[in-house]
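only geometry, no sequence info:
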């Protein structure tokens, strides 16, 4: 009986003093890639090494590895390992599928924000990171910049940023959230669920779960869209909605764009108010609709037939009206659903308009 009481008391203590997960908070901004039309990148800032070096790091949703590259032209503040007393090589010739060249595995100290207001920083020591090899040792090179890959794959898990935090017991789970303040900046919060660290704005009973999808050992952030509806039309049953925060637009299907062109835009095209143009978004050739600002006004936008993306798993409909899909740019009113050429019915790409 005494042993049962002792065990019961221990369980109570464990429940009270449960190990709390650290929060890793990465404030991010989205900027245009210099010299590239309609291409953007996501970056964050933090400190590396001893003495501390402030660096900019790219956040990449098509890569699963936490690694560094030489001479990243889109990054301003870089890291020089020769100026750090805590940079240390662990092993050579690490093979990473994400990287074209052979690499070394190193470890270094990192300072990340640990609070939602990005006021407090905490040092984490001996964090592993993959660095590129070269003709000389990486200690002899400079201008390195980190890339945080937030893709997930079944291989190379030990080199993934979130897996590293979990294995180092910095966090005790794999939860992460992307939260936008505006369409071009926000925070990525790693280490707990929103209703835990922000009880004012999030409630646990509002949390919904949905299955994502995977191909070729990679898990993609997204969801299945049961159907797409607009103007009394249902199309694109059982498609994949792939989430990509790097783009602003929604990449819809060719079928949707051509249909909405006939239903809504044709009368404006006939009167030289709108036109369909070829454009480039994130390196992809697309076509889109643009309208003359002085001729295409609020009433026209309000007349736009809303589009509904339906997910039956969550019993949720994501609905977008004209005010959300038309943006002003360069004295034009730009429609923010675009489409590649050819049939793309199997996948829609959901950019920051969706998020």
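That came in fine, so what should we check first? Just so we're clear, the structure is a prediction, and the values are computed from it rather than from any experiment.

Strands of the stretch 101-250 of the chain, residue ranges please.
Per DSSP state E, counting those that start in this stretch, the stretch 101-250 of the chain carries strands over the ranges 103-113, 121-132, 144-149, 152-153, 176-182, 185-190, 213-215, 218-220, 222-225, 227-230, 233-235, 239-243, 250-252.

in its sheet, what does the fourth one sit against?
In the sheet containing strand 152-153, the strands it pairs with under DSSP bridges are strand 218-220 (antiparallel).

hmm, back to that, out of the strands of the stretch 101-250 of the chain, flag the one nearest residue 271.
Nearest to residue 271 among the strands of the stretch 101-250 of the chain is strand 227-230; the distance by CB to CB comes to 22.5 Å. Bear in mind the C-beta positions are built from the backbone N, C-alpha and C, glycine included.

Strand partners (parallel or antiparallel) of the closest one?
Strand 227-230 is paired, per DSSP bridges, with strand 233-235 (antiparallel), strand 307-311 (antiparallel).

right, so those strands: which one is the most enclosed?
strand 307-311 (a mean of 19; mean count of other CB atoms under 10 Å).

Give me the contact list for that strand.
Strand 307-311 is contacted from outside by 210, 223-230, 241, 256, 316-320, 325, 337, 348, using CB atoms under 8 Å, 6 or more residues apart in numbering.

switch to 7 Å and redo it
Applying CB atoms under 7 Å, 6 or more residues apart in numbering, the external contacts of strand 307-311 come out as 210, 223-230, 241, 317-320.

Report how many residues lie close to residue 243.
17 (other CB atoms under 10 Å).

I should have written residue 284 there, sorry.
Residue 284, neighbours per other CB under 10 Å, totals 16.

Next, name the residue at the spatial heart of this protein.
Geometric centre of the chain, nearest residue: residue 245, 4.4 Å, by CA atoms, centre = their mean.

closest one to residue 63 among the strands of the stretch 101-250 of the chain?
strand 144-149 (3.4 Å).

that older thread, for the strands paired with strand 227-230, could you give me JSON lines that also reports distance to residue 51 and mean pLDDT?
JSON lines is the format used below for these (distance: least, CB to CB, whole Å; pLDDT from 0 to 100):
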{"stretch": "strand 233-235", "distance to residue 51": "58", "mean pLDDT": "89"}
{"stretch": "strand 307-311", "distance to residue 51": "49", "mean pLDDT": "95"}
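
Alright, that wraps it up for me.
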